[in-house]
Every structure is written in structure tokens, then in C-alpha cells.
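1. starting from these lines, generate the structure:
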Amino acid sequence: MEAKAKGGAHFVLVHGGCHGAWCWYKLLPLLRNAGHDATAIDLASCGIHSLEAHQIQTWSDINQPLIQLFNSLSPHQKVILVGHSIGGMNLTSMMEQFPDKITAAVFLTAFMPLTGSSIMDMINELNLRIQSWGDTEFTMGENGIPISLKFGPNFSRQMLYQNSPTEDIELGKLLMRKSPIIQGEVVFSEERYGRVPRVYVVAKDDKIIWEELQKKMIAENPPDRVYEMEGSDHSPFFCFPSRLAEILDEISSSYH
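-> Okay, here's the model as predicted:
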């Protein structure tokens, strides 16, 4: 992408499960070189954040870094919020809490929940298709319900990164952490969440949130726009960062 004059959008990038701000390392310079501001955050207990997964109980807990970022914005500042995978749940929560601070919300091969749905509902939907989580580690609570997970290296290579460079597969192996599985649903309303324009980016070769499931969520809860990324696995920021940056740049031109 060619660099733009000042006045670009401010993108806030929200990672998915077991990942952190580090997963956007290819995308950040592409967006900045195109004239945008770009901020990647670590959700609580993720990346280099000091808390651990077992200390996170609620959406408010895990979203604290995002909440702090939004509270730090000046009265007239707005952002384009981008969420990957389970990060779509965090996006939904922020859309409900800060609708007037979000120019658009971009669900990047992400869960886009219906009212009343929880992470466990999403995991159960994945279980119908995936059947085996391979070497993924689950930590179980006293009631026998999983409270955290960490994707195993074999599962990651086969299901998350199958079209991504080897170097990024190794990066994931080094930096992934346990991710909390929050039991509570994300509550949102048409009056607040519904005010924020939504865009969905389909990763057509995703093997964990497969294309049919992405399109089912789109049909059940239609966004304003849909983009498709041919050949992209579950991690477009690794396998097609330049194409992803182009899509986000186009979104900024439409909504910023």
C-alpha cells in the first residue's frame, strides 16, 4: 500500500485465544506505512500481561486493558476495532460499552455471537466438526468444566497455521500462553452494539472456524460488509498480512 497523508484511521487490534499483541507484528508496520495509527493490545493474562489465566473470571476482567485504552481516548477520538477468532467476543463487549468510540468493528474470522451465547457454546459448536483437539492442553475446574486452554504445537501447525510460514509457526510455539475460558455470556443490545457498523472478513481456508461456520454467523447476524480472503488459514495476519492490510485500509476509507 502507498503511504497516505496524515489523517488516517486508528486501528486497535485484538488477538484471539492463547495469542497476544505479538501476533500482529507483520500487520502493524503495514498499517502505519499506509498512514494509519495502529495499536495492538494484550488482553489480561495474555502476551506479556502480568495476570495468569486462572485469575480471570469475567469479560470485564479480561477486557481491562481494552477498557483502559478506551478510557484514555480524548472526547473526539474514535477507533476501528479489529478482533480475531475468540476476540470477536471481546469486540462485542466493547461495542456495547463504548459504541460512540468505535467507527467500525471488524470481525476477522472471528466469533460474532448472538445474544445469550457463551464461549462454551462456541467451543461445543467447534467440537461437532473438529472432534479431536489433539495436543491442546485443557485445565479443568472443580466442576469438570474447562477453565483454560493452550493450543498444542501439533494442533496449531495443522489447524491454526497450516498455510502460514514456518517462522510464524515457531513464533506461536514460543509465545502462546494459557487462555481463560470465560463461562458468562456477552450481553449486548441493538441500542448500543447495534449502532456500530460491522464488517466480517472470511478466511476461506480456516480449519478451526471453517468457512461454513463463518457464513452461518454472517447469515444469523448480518454485518454491513463482508470480505473474503482466498487461501487464508485461521491466521491471516501471518499468511496474508499485505492483503489483510489492504482490506483494512479499504474499510478505513469507507468508515473513517
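
2. can you pull out the helices in the stretch 1-150 of the chain?
-> Remark: helices assigned in the stretch 1-150 of the chain by DSSP state H, counting those that start in this stretch are 27-33, 59-62, 64-72, 87-97, 119-130.

3. same question, the stretch 151-256 of the chain
-> Secondary structure of the stretch 151-256 of the chain (DSSP H, counting those that start in this stretch): helices at 153-155, 166-175, 211-220, 236-239, 241-255.

4. need the helix or strand of the chain with the lowest average pLDDT.
-> helix 119-130 (a mean of 81; mean pLDDT, DSSP states H and E).

5. just want the angle from that one to helix 211-220.
-> Helix 119-130 runs at 140 degrees relative to helix 211-220, counting by axes from the mean of the first three to the mean of the last three C-alpha atoms, to 10 degrees.

6. any idea how far apart the tips of stretch 57-65 sit?
-> One end of stretch 57-65 to the other measures 15 Å (C-alpha to C-alpha, to the nearest Å).

7. stretch 70-88 too?
-> 17 Å.

8. circling back to that earlier point, what's the least confident helix or strand of the chain packed up against?
-> Helices and strands touching helix 119-130, as assessed by 3 or more C-beta pairs under 8 Å, 6 or more residues apart in numbering; DSSP states H and E, comprise helix 211-220. For every residue, glycine as well, the C-beta is placed using N, CA and C.

9. check which residues of the helix it packs on are buried.
-> 213-214, 217-218 (16 or more other C-beta atoms under 10 Å).

10. and the angle from it to helix 87-97?
-> Using the same axes, to 10 degrees: helix 211-220 against helix 87-97 is 20 degrees.

11. now do helix 211-220, average pLDDT.
-> Across helix 211-220, pLDDT averages out at 95.

12. what's it in contact with?
-> 109, 111-112, 114, 125-126, 129, 200, 202-206, 226 (C-beta atoms under 8 Å, 6 or more residues apart in numbering).

13. just the buried subset of these, written out for PyMOL, thanks.
-> Only the buried entries of the contacts of helix 211-220 go into this PyMOL selection, using 16+ other C-beta under 10 Å:
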select buried, resi 109+111+112+125+126+200+202+203+205+206
